[in-house]
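**Q** Sequence and predicted structure, then a few things I'm wondering about:
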Amino acid sequence: MTIKSDSRHLYLQVIDRLKRDIEAGIYKEKEKLPSEFELAKQLGVSRATLREALRILEEENVIIRRHGVGTFVNAKPLFTSGIEQLNSVTDMIIQANMEPGTIFLNSGIQSPTEEDRRRFGCEPEEEIFVIERVRTANGEPVVYCLDKIPVKYYPESYSHSDESLFSVLDRTSSRKISHAIAQIEPFGYHEKVSPILQCDPETALLILKQLHFDETDQPILYSVNYFKADKFSFHVLRKRF
C-alpha cells in the first residue's frame, strides 16, 4: 500500500492515493480514517508529508478534521451549482434527478424593518410579506428558506403548495426576476435551523443571502437560504480580463 515514488512532490502523490482510495470505497463517506501514525506507516511517508496532504484535502472539502476526535471522509454534495447561475432551489433539486418538495412553516405580513426599507427602498407604511419554508429532496429536508417580498409585488395566486417563487413571479407578475446580488456565509450549528434540517451537531450550514432584481433594477425579493453543507456545493467561474 506504500506510495511508489515518481517525479512529483510526495504529498501530491499522497493526495492522489487517498482520493483514489475514497473513490474505490476503501474509505467510505463519513468514515473515520486511520490515525496519522497508522496512515503514514501504511503509505510509507513521514507524518509531516501526510499532514500537508491532509491539510490540502481538508481545504478541498474531501475530508474534515475534528479536533480531539479524528479525520473523517466528507460526504459528497448531492447538489452543485455555479454561483453565477441564478437557479431556484427547485431547479437545483430537479437537476440532481430528485423530487422537490415543500414543508410550509409560516407566512404573514409585517411592517418593514430598517434593513427592509433600505433593501427595497420602501416607505414605513408599506408592508412586507414573509414566507418561511423547508425545501425537501426525495422527502429529506435540505434547505431552510426565508423569503421577503413587498406586498405590492406579492403574487395573489401564490399558494403554499407552489414549489418556486421564481416560477410564480414569472407566471403571474409583470415583474420578472432577472438578476441578484448574492452573499455566501459559512455557519456552524444553528439553534433553530439545524434541528429543522435534521443536522448532526457537527454538520455545517451554508447561508446564501440574495437580493433579487427585476429587469428595471428594482429589488423585488430578498431571500435567506440555509443549505446543509454536506449536501450542497457552490462554485464560481472566474475569468481573467
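**A** It's in. Note that this is a predicted model, so its numbers are computed, not measured.
**Q** Residue 16 looks like it's in a strand, true?
**A** No: using DSSP: H, G, I helix; E, B strand; the rest coil, the secondary structure at residue 16 is helix, not a strand.
**Q** and residue 28, how many neighbours?
**A** Around residue 28 there are 9 other residues, counting by other Cβ atoms under 10 Å. Where C-beta positions appear, they are placed from N, C-alpha and C, glycine not excepted.
**Q** and it, what pLDDT?
**A** Looking at residue 28, its pLDDT reads 88.
**Q** Repeat that for the one 4 residues further on.
**A** Reported pLDDT at residue 32 in the predicted model: 91.
**Q** how close does it get to residue 38?
**A** 11 Å (Cβ to Cβ, to the nearest Å).
**Q** would you list every one of the helices in the protein?
**A** 10-23, 36-43, 47-59, 89-95, 114-120, 165-172, 193-196 (DSSP state H).
**Q** For residue 148, list the residues it contacts.
**A** 116, 128-131, 221-223 (Cβ atoms under 8 Å, 6 or more residues apart in numbering).
**Q** ok, of these, which one's closest to residue 89?
**A** residue 223 (9.2 Å; Cβ to Cβ).
**Q** surely that closest one meets residue 149?
**A** No: the pair residue 223 / residue 149 is not scored as a contact, 9.0 Å apart, by Cβ atoms under 8 Å.
**Q** Name the residues contacting each of the two.
**A** Contacts common to residue 223 and residue 149, judged by Cβ under 8 Å, 6+ apart, are residue 165.
**Q** re earlier: select only the buried ones of the contacts of residue 148 in PyMOL?
**A** The buried subset of the contacts of residue 148, as determined by 16 or more other Cβ atoms under 10 Å, is captured in PyMOL by this line:
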select buried, resi 116+128+129+130+131+221+222+223
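**Q** Now the two most distant members of the contacts of residue 148.
**A** 116 and 131 (14.1 Å).
**Q** Quick check: residue 121 touching residue 219?
**A** Yes: checked against Cβ under 8 Å, the pair residue 121 and residue 219 is within contact range at 7.1 Å.
**Q** mind checking how far residue 188 is from residue 207?
**A** Distance of residue 188 to residue 207, given as Cβ to Cβ: 11 Å.
**Q** Which one's more surrounded, the two?
**A** The residue with more neighbours, out of residue 188 and residue 207, is residue 207; 17 against 12, by other Cβ under 10 Å.
**Q** Pull the contacting residues for the residue nearest to that one when sequence neighbours are not counted.
**A** Spatial nearest neighbour of residue 207, excluding adjacent residues (Cβ to Cβ, 6 or more residues apart in numbering): residue 185 at 4.5 Å. With contact set as Cβ under 8 Å, 6+ apart, residue 185 has these partners: 206-207, 209.
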